[in-house]
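# Dropping a prediction and its sequence here:
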Amino acid sequence: MARGDSKRRRREPPATATYTDPDGNTLQLRQDLSAGTVAKIREMPRSSAASADDLWRRRQEMLFERLTVRWEIAGLPLDDQKMLLGRYRMADRETQEWVRRTIDAHLERYLPELR
């Protein structure tokens, strides 16, 4: 192997689906997750201190974190995971509901085991 060549194989970009909201913003989601990620989402840790609402919100965030590759809002593309999650948390209720409905429809089509 020549000097400077990486020993790791380059990963192919994940297969994605892109969804557009009524304002023209786009959300790009992975079509597949690893078996380990699916298991982690399905078996979320339960805490006696966490309410059902807390657990539901955490699951929604986990799905968003694992599935979202890119989110373009008002022409500004975001693809950094921390920025994406921060933007989702700061979104207004209507935007969060659109994202949740979009992820639900996406799961139905590509990852029904997580519905």
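Sure thing, it's come through.

# In this model Glu61 seems to touch Tyr88, though I could be wrong.
Yes - Tyr88 lies in contact with Glu61 (Cβ atoms under 8 Å); the separation is 7.3 Å. From N, CA and C alone the C-beta is placed, and that goes for glycine too.

# Looking only at neighbour counts, state which of the two leads.
Comparing Tyr88 with Glu61 by neighbour count (other Cβ atoms under 10 Å), the higher total belongs to Tyr88, at 20 against 13.

# excluding its backbone neighbours, what's nearest that one?
Computed as Cβ to Cβ, 6 or more residues apart in numbering, the closest residue to Tyr88 that is not its neighbour in sequence is Phe64, at 5.4 Å.

# what about the one you found, distance to Arg10?
26 Å (Cβ to Cβ, to the nearest Å).

# How about Glu43?
Using Cβ to Cβ, Glu43 is found at 31 Å from Arg10.

# With Leu107 instead?
Noted for Leu107: a distance of 28 Å to Arg10, by Cβ to Cβ.

# Looking at those two, which is more packed in?
Leu107 (16 against 6).

# what's the distance between Thr95 and Leu76?
From Thr95 across to Leu76, the span is 14 Å (Cβ to Cβ).

# higher neighbour count, these two?
Neighbours per residue (other Cβ under 10 Å) separate Thr95 from Leu76, with Thr95 holding more: 16 against 10.

# what secondary structure does the more buried one sit in?
Classification of Thr95 using DSSP: H, G, I helix; E, B strand; the rest coil returns helix.

# Next up, the contacts around it.
By Cβ atoms under 8 Å, 6 or more residues apart in numbering, the residues touching Thr95 are Asp21.

# what residues does stretch 39-52 touch?
For stretch 39-52, contacts defined as Cβ under 8 Å, 6+ apart pick out Leu33, Asp54, Leu55, Arg58, Arg59, Met62, Leu63, Arg66, Glu113, Leu114.
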